[in-house]
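Asker: here is my input; please provide its structure:
(chains A and B)
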Amino acid sequence: MSVLAAAPLVLRRHGGIATALPIIGFTASTGILATVLGGLGAFLSRAATVGTGSGADGPPTPEASNLSFLVICAIVATVLLVPSAMGLGSAAAKLSLARREKDLAAVRLVGGTSAQVGALAVADVLVQAMLGSVLGIVLHLAVTPALTLLDFGMDRFTIGELVMPLWGYPLLLFATTLLAGISAAIALAGVVISPLGVARESRIVRMSVVRLVVWAGLILAFIGALQFLPMLVGGVENGMVVMIAVSAVLMALVIGSVNIVGPFVVWVIARILAALAPTPALLVGARRLAADPRAGWRSVSGVTFALVVAGFLTLTGMLGEQGDDAAGRALATALDTGGLLTLGIAAVLAAVSTGVTQTARVLDQGRVYRSQHVAGAPVVALQRARIAEIGIPLALAGMIAGVSAAGLVAPVISGGFVLEAVLSYLLAAVGALGLVALSVAASAPLVGRVARAGA
Amino acid sequence: MTAQNSPAHPPLRPPTAGPAPVLAARGLQHAYGDRSATTLALDGVDLDVAPAESLAVMGPSGCGKTTLLHVLAGILRPTSGSVLHAGSDLSALSESRRTRLRRTAFGFVFQDGRLLPELTALENAILPRMLGGAPRRSASAEAASWLDRLGLQGLHDRRPGQLSGGQAQRVAIARALGGRPSVVFADEPTGALDQATGHSVLAVLADACRDAGAALVMVTHDPSVASTCERTIAMRDGRIARQFQRDPAQGAAPTQQVRPDSHQVHPDSQQGAVGGGRR
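Answerer: Have a look, this model is predicted:
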């Protein structure tokens, strides 16, 4: 029997939360991707059907006059949501791999080569990704009827408009599974699976200040583009389209760069806090963050993303307040609905990714929790260290997301809107804090269970 | 200090002859599994550990030696029997009080150190004292002194991954002693080290415990490791089968062999527990 033929025996599902977590991640990721892409398709097909208000038979309907702008908004929402949903899928793949490390070491022990074990690991992730993706598509189809009730200031969308074309589903299934496989293969490059266990690359983490420069540069570039692009493309044919396209790309880069600067800031602050920490919880939490700032940032990146979206929504909210005619009111309704929908999806993404990563971190650190508890660390001290480990990047995420969102909104914001924008953002920040507190509370009993395991 | 399993065998040393034991186990039984499949890991163990004594617990795999260590340390609650420390029965204490006791009165050295990989050597060593409420500055001064005494000068800021196995175990010893324990529990402390490093670490561990006035209870399967302790008990099938007292001149020699059926002793029949016979 070859090693690969023995795979089903070795990689038998363990059941329980450890197996469920990656599948939950894949399900949420695919479900959100399908829903967002389906929604974008709905706006595009409606625009193609209704036109964009340039017909010759009298004045355009409010729907027709707003559709071209709403299509742009839908593209922006897609740009905001798709990378984060794909990121959740990638995190789920790495999580799936981490759950399997002991089994893979066992395969090495019985004679499997590194290549065979690598293939086995990726195949295992692919199976979970496919299962999660199928469930995600089912979830998307299940929630679609509820989405037809949303009011975008025009004729409501039908189920037929909101679902993807039939050929889109197998393509999505293939793409999400492939992404998971690639993520797993990349993650495998950082570990050595030996017959005696799994060794990670252990090196002293150093973060470059270039990360900070890139982030600040992109915000400045975005602000500059919105200031100067109208002048540059004013006389060009389709200049507006060019301007929107460039702005959308820069906006996506600004949002993406939050994940570049975040680990750097976490690393710097965590090192300072660890050196000064007066309590064991802060010492342990800060040191863990300093040792792996990327993981610390990842655990709150979903919330950060939701905060950036919340900040950005202040822009669309303000745009929606323009115009008292029928078209203006319809546009305001559409922007309110679209904004809340985007924020809602971002919140779901944040809740799932925070919950999944927090639970995974508790499971990963089970042995450490256990030995600390044996040596006399009360469970409450372990909890405090975990709260510090989450609280530090969360506080920093709030600040970075706030500055990033302000950078996105700054070009169009006027003084009168500042207070409203700050209040909206603070409201979203409180919501995000509540979300993380909920996920910490949800995984709290697990810490006690893991620490006391065997006692 | 005594180990006994039978009313027919008097204590090796009358309780009045030496200091009161720092730990006294009476009639310990511990079972794993449920009613359908029960494994008796401890089957009626009586044991006294004197202050600053070094005691090795030996035996083949599955004989119950690690379970005995866990029960003595209050990590596991025995199915029946008692473990007395400073007048308190560990099995009667709540989980949180046992945890506090492990933090304030006991120290632990595991086979692989189990240091927190993200913390420096000094930070690992100060953790128990900080958990006990000591300010970081004073905990650091004390731990730094222990690290220096254990030969780790200049390595305080290294992480466990930057230390050799022997150096990491010395940090674990400093951490165990940092909380000023009355008993240090060591589970195969040299199991992951080469022989030369292992002997060096053992010598450091025994000396450090003696200097700190802490008893050492060490689980090992290696007779050469056990021979460094003043006393060795050999376990089999959850019982203390034999015990040896080290003769400094001649090495380890058996001082008493306990009958295999002698574990069936009622705890009430035992005298010489902590505090002159109290249970």
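
Asker: relative to A:Ala248, how far out is A:Ala74?
Answerer: Note on A:Ala74: its distance to A:Ala248, by C-beta to C-beta, to the nearest Å, is 11 Å. (C-beta placed from N, C-alpha, C; glycine too.)

Asker: between the two, who's got more neighbours?
Answerer: Per other C-beta atoms under 10 Å in any protein chain shown, whichever of A:Ala74 and A:Ala248 has more neighbours is A:Ala74, with 24 against 16.

Asker: who's in contact with the nearest residue to that one once chain neighbours are set aside?
Answerer: With C-beta to C-beta, 6 or more residues apart in numbering or on different chains as the criterion, A:Ala74 has its nearest non-adjacent residue at 4.2 Å, and that residue is A:Phe43. When contacts are counted by C-beta atoms under 8 Å, 6 or more residues apart in numbering or on different chains, A:Phe43 touches A:Leu67, A:Leu70, A:Val71, A:Ala74.

Asker: alpha carbons of stretch B:225-239, as PDB, please.
Answerer: What follows is stretch B:225-239, C-alpha atoms only, in PDB (Å, rounded to 0.1, in the frame of the first residue of the first chain):
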ATOM      1  CA  VAL B 225      19.600   9.800  37.000                       C
ATOM      2  CA  ALA B 226      17.800   8.300  40.000                       C
ATOM      3  CA  SER B 227      21.100   7.500  41.700                       C
ATOM      4  CA  THR B 228      21.800  11.200  42.100                       C
ATOM      5  CA  CYS B 229      18.900  11.400  44.600                       C
ATOM      6  CA  GLU B 230      19.100  10.600  48.200                       C
ATOM      7  CA  ARG B 231      16.200   8.200  48.000                       C
ATOM      8  CA  THR B 232      14.600   6.200  45.200                       C
ATOM      9  CA  ILE B 233      11.300   4.500  45.100                       C
ATOM     10  CA  ALA B 234      10.600   1.900  42.400                       C
ATOM     11  CA  MET B 235       7.000   1.500  41.300                       C
ATOM     12  CA  ARG B 236       5.200  -1.400  39.700                       C
ATOM     13  CA  ASP B 237       1.500  -1.700  38.800                       C
ATOM     14  CA  GLY B 238       0.600   1.500  40.700                       C
ATOM     15  CA  ARG B 239       2.300   0.400  43.900                       C
END
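
Asker: can you tell me the helix or strand for residue 122?
Answerer: By default, I'm working from chain A. Following DSSP states H and E, one finds A:Val122 within helix A:114-147.

Asker: could you do chain B instead?
Answerer: Secondary-structure assignment from DSSP H and E places B:Leu122 in helix B:121-131.

Asker: so B:Arg26 touches B:Leu84, yeah?
Answerer: Yes: between B:Arg26 and B:Leu84 there is a contact under C-beta atoms under 8 Å: 7.5 Å.

Asker: look at those two and report which has more neighbours.
Answerer: Shown here are B:Arg26 and B:Leu84; by other C-beta under 10 Å, B:Arg26 has more neighbours (26 against 23).

Asker: number of residues surrounding the nearest residue to B:Leu115 once chain neighbours are set aside?
Answerer: Leaving aside its sequence neighbours, B:Leu115 sits nearest to B:Pro160 (C-beta to C-beta, 6+ apart; 4.3 Å). B:Pro160 has 22 neighbouring residues, counting by other C-beta under 10 Å.

Asker: which stretches of chain B aren't confidently modelled?
Answerer: Counting by pLDDT under 70, the ranges of chain B that qualify are B:1-18, B:247-279.

Asker: helix/strand/coil for the residue of it most remote from its centre?
Answerer: Largest separation from the mean C-alpha position in chain B: B:Ser36, at 32.1 Å (C-alpha atoms, centre = their mean). Secondary structure, DSSP: H, G, I helix; E, B strand; the rest coil: B:Ser36 is coil.

Asker: so what's the residue in the stretch 101-250 of chain B that chain A sits nearest to up against?
Answerer: As assessed by C-beta to the nearest C-beta, chain A sits closest to B:Arg103 within the stretch 101-250 of chain B, at 2.6 Å. Contacts for B:Arg103 (C-beta under 8 Å, 6+ apart) come out as A:Ala375, A:Gly376, A:Ala377, A:Pro378, B:Pro128, B:Leu131, B:Gly132, B:Gly179.

Asker: same deal with B:Gly33?
Answerer: B:Thr39.

Asker: how about the helix or strand encompassing the residue of the stretch 101-250 of chain B closest to chain A: buried residues?
Answerer: Using DSSP H and E, B:Arg103 maps to helix B:95-104. Across helix B:95-104, burial judged by 16 or more other C-beta atoms under 10 Å in any protein chain shown covers B:Arg98, B:Thr99, B:Arg100, B:Leu101, B:Arg102, B:Arg103, B:Thr104.

Asker: near A:Val309, how many other residues are there?
Answerer: 26.

Asker: excluding chain neighbours, what is closest to it?
Answerer: A:Ala346 is the one closest to A:Val309 (C-beta to C-beta, 6+ apart), at 4.5 Å.

Asker: that neighbour touches A:Val303, doesn't it?
Answerer: No: with contact defined as C-beta under 8 Å, A:Ala346 and A:Val303 do not form a contacting pair (9.2 Å).

Asker: helix, strand, or coil at whichever residue of chain A sits closest to chain B?
Answerer: Residue of chain A nearest chain B, by C-beta to the nearest C-beta: A:Gly376 (2.6 Å). Going by three-state DSSP, the secondary structure assigned to A:Gly376 is coil.

Asker: also B:Gly81?
Answerer: Going by three-state DSSP: B:Gly81 is strand.

Asker: check which helix or strand covers B:Ala234.
Answerer: B:Ala234 belongs to strand B:231-236, assigned by DSSP H and E.

Asker: name the nearest residue to A:Pro352, ignoring sequence neighbours.
Answerer: Not Pro; residue A:352 is Val. Spatial nearest neighbour of A:Val352, excluding adjacent residues (C-beta to C-beta, 6+ apart): A:Ala28 at 4.2 Å.

Asker: identify the residues contacting the one you found.
Answerer: A:Ala85, A:Leu88, A:Gly136, A:Val348, A:Leu349, A:Val352, A:Ser353.

Asker: before we move on, the earlier item: ok, the buried residues of helix B:95-104 vs A:Ala327, which is closest?
Answerer: Using C-beta to C-beta, B:Thr99 comes nearest to A:Ala327 of the buried residues of helix B:95-104, at 67.0 Å.

Asker: I'd say that closest one and A:Pro378 touch.
Answerer: Yes: with contact defined as C-beta under 8 Å, B:Thr99 reaches A:Pro378; the gap is 5.1 Å.
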